[in-house]
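Peer 1: got a sequence here, can you build the structure:
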Amino acid sequence: MANWPVSDGRVDPRQAIAIQKEMAGKIVQIGTVSDIFYIAGVDVSFPRGSDVGIAAAVVLNYPNMEVVEVRRYSDQVAFPYVPGLLSFRELPLILKAFQALRIKPDLVIVDGHGVAHPRRMGLACHFGLYSNLPVIGCAKSRLCGKYREPDKIKGSREGLVDGEEVIGAVLRTREDVSTVFVSVGNHISLENAVKWVMSTCLKHRLPEPVRCAHMAATGWPECQA
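Peer 2: Model prediction:
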């Protein structure tokens with residue numbers, strides 16, 4: 001994994017913003033991912049609002065979408081909760097869980113934003129530079145940008161636009177459910193990212209790798225390899 005800076009307790013929010021601005025230009029927003037055998041999802045939970053985070057990295061096979069490996073890591077976090085700087089709080093935990101995986105995934109979906117971020121450097125991008133893998137950000141709410149609400153039918157989408165730049169897609173993964181916000185993390189195009197999010201949404205609003213990672217991070221016993 002690349003040696004990009006994350007929080008070790010010595011980075012303050014001002015420095016973190018400067019780091020994001022420097023790193024954003026390194027994100028690759030092109031690429032088509034195919035011939036996939038394994039897809040990972042990553043997520044972090046903070047029980048009862050504490051500063052102890054639980055990260056989970058879950059690998060599923062494709063196309064069966066069965067969980068084949070689960071890794072968790074828990075620790076106190078050093079960085080405060082600051083909107084737009086989530087990666088400096090959560091990424092150190094995610095990396096510990098991810099680095100423990102025995103199976104290397106071909107694609108990773110992060111519960112969070114990629115370039116759909118004020119500085120184009122969300123959690124999925126930060127993780128994408130570390131892992132050097134194709135990474136997609138799939139978030140449940142908007143951080144920045146404007147959009148029109150998509151139609152209610154499954155697969156409907158609208159562009160998420162900031163200024164004149166399309167920074168993501170607002171996607172309806174199931175009929176008449178709330179949208180998700182898809183954006184590039186690294187080494188993939190937005191069109192291909194939308195395709196993979198749709199193909200990994202089974203019976204739920206969220207892609208199965210992200211849903212399983214959330215369950216693992218929150219301690220649900222259903223998520224077992």
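Peer 1: so where's the protein uncertain?
Peer 2: 1-9, 220-225 (pLDDT under 70).
Peer 1: let's verify residue 56: helix, strand, or coil?
Peer 2: strand (DSSP: H, G, I helix; E, B strand; the rest coil).
Peer 1: which residue ranges form the strands in this structure?
Peer 2: 38-45, 52-61, 67-76, 107-110, 135-139, 157-162, 165-171, 180-186 (DSSP state E).
Peer 1: of all the ones you listed, which lies closest to residue 92?
Peer 2: Proximity to residue 92, assessed across those by C-beta to C-beta, is greatest for strand 67-76 (7.7 Å). C-beta: built from backbone N, CA, C; applies to glycine.
Peer 1: possible to save the strands of the chain as TSV with mean neighbour count?
Peer 2: Output for the strands of the chain, formatted as TSV (neighbours: other C-beta atoms under 10 Å):
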stretch	mean neighbour count
strand 38-45	26
strand 52-61	23
strand 67-76	17
strand 107-110	29
strand 135-139	29
strand 157-162	18
strand 165-171	22
strand 180-186	28
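Peer 1: tell me which of those lies nearest to residue 32.
Peer 2: So among those, strand 107-110 is nearest, using C-beta to C-beta, at 11.3 Å.
Peer 1: and the closest one, what does it pack onto?
Peer 2: With contacts taken as 3 or more C-beta pairs under 8 Å, 6 or more residues apart in numbering; DSSP states H and E, strand 107-110 sits against strand 38-45, helix 123-131, strand 135-139, helix 190-200, helix 208-217.
Peer 1: and the ones you listed: which comes nearest residue 12?
Peer 2: helix 123-131 (16.8 Å).
Peer 1: which neighbouring elements make contact with that closest one?
Peer 2: Helices and strands touching helix 123-131, by 3+ C-beta pairs under 8 Å, 6+ apart, are helix 13-24, helix 86-99, strand 107-110, strand 135-139, strand 180-186.
Peer 1: distance from the chain centre to the second one, please.
Peer 2: Put plainly, it is helix 86-99. Mean-position distance between helix 86-99 and its chain equals 11 Å (C-alpha atoms, centre = their mean, to the nearest Å).
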